[in-house]
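> this is a predicted model, with the sequence first.
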Amino acid sequence: MMTKKCQLIRPEPLTSAAFREFGDVIEASDSAKVLTINQGYTQRYHDLATVDVSDHGGHALINIFRTTPLAQPIAIKMMERHPKGSQAFIPLGQQPYLVVVAPKGDLDLTQLRVFKASAGQGVNYHKGTWHHFCLALDVESDFLVIDRGGPGDNCDLVTLDGTHLIVAN
Ligand SMILES: NC(=O)N[C@@H](O)C(=O)O
Ligand code: NI
């Protein structure tokens, strides 16, 4: 019986530039537009990501995902996409986490990317971006999740053979 060779993927640091084709990175970065508000007591990092949830009568949902880490090395056994809306994950704790994505369109695993996000970084998957479900690292982690509610199916899911393994740094 033929056994398929495993491919080890080492996560890369998450940056806005590297993530651009997949979505937005949500962080209080030097490149953000910053407004001083509230009598000078608040710095508003303005308009960091595009919430795209209105297709087909959709509306925004604000959720909390409490996610248990998978055993390492993490095998990528699924990818999904949301054809009708964006999906944002903002960590509520201080724990880094993993982000696994591939470009929109037909799923092409040669274009698979794995990012290690820091606690100060959120991600917003654009509509149709392929991604793995929320991946905590080491400890149970909470994420604020902003995505689409509404009519119609909004999740295309593909099962994979698990030969792509994430070697966490
Ligand atoms: N299923 C669900 O609500 N979550 C996934 O879409 C995910 O990306 O974690
Ligand atoms: Ni999703």
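The structure has been received and is ready for your questions. Everything numeric here is computed off the predicted structure, so don't read it as measured data. Residues are numbered from 1 along each chain as shown. Ligands and ions are numbered 1, 2, ... in the order given.
> for the protein, which residues are neighbours of ligand 1?
Glu80, Gln87, His131, Phe133, Cys134 (C-beta under 6 Å from any ligand atom). No exception for glycine: its C-beta is placed from N, CA and C like everyone else's.
> out of these, which are buried?
Among the residues of the chain next to ligand 1, those scoring as buried are Glu80, Gln87, His131, Cys134 (criterion: 16 or more other C-beta atoms under 10 Å).
> count the residues that sit near the spatially closest residue to the last one that is not a sequence neighbour.
By that I understand Cys134. Computed as C-beta to C-beta, 6 or more residues apart in numbering, the closest residue to Cys134 that is not its neighbour in sequence is Thr67, at 4.8 Å. Applying other C-beta atoms under 10 Å, we find 21 residues neighbouring Thr67.
> contacting residues for Thr67?
Thr67 sits next to Cys134, Leu135, Ala136, Glu140, Ser141, Asp142, Phe143 when contact means C-beta atoms under 8 Å, 6 or more residues apart in numbering.
> what is the nearest of those to ligand 1?
Of all these, ligand 1 sits closest to Cys134, with 3.9 Å by C-beta to the nearest ligand atom.
> does Pro83 count as helix, strand or coil?
coil (DSSP: H, G, I helix; E, B strand; the rest coil).
> now it, nearest residue through space, not along the chain?
Leaving out its chain neighbours, the residue that sits closest to Pro83 by C-beta to C-beta, 6+ apart is Gly128, at 5.6 Å.
> what sits against that neighbour?
Gly128 makes contact with Arg81, His82, Pro83, Lys104, Gly105, according to C-beta under 8 Å, 6+ apart.
> I'd like those as CSV, with pLDDT and distance to Gly120 appended.
Compiled in CSV, the contacts of Gly128 are given as follows (pLDDT from 0 to 100; distance: C-beta to C-beta, whole Å):
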residue, pLDDT, distance to Gly120
Arg81, 98, 26
His82, 98, 25
Pro83, 98, 30
Lys104, 98, 27
Gly105, 98, 31
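> mind checking how far the residue nearest to Pro83 is from Ala60?
To Ala60, Gly128 is 18 Å away according to C-beta to C-beta, to the nearest Å.
> hang on, the earlier thing: got a pLDDT number for the residue nearest to Pro83?
We have a pLDDT of 98 for Gly128.
> do you know how far it is from Asp24?
Distance of Gly128 to Asp24, given as C-beta to C-beta: 14 Å.
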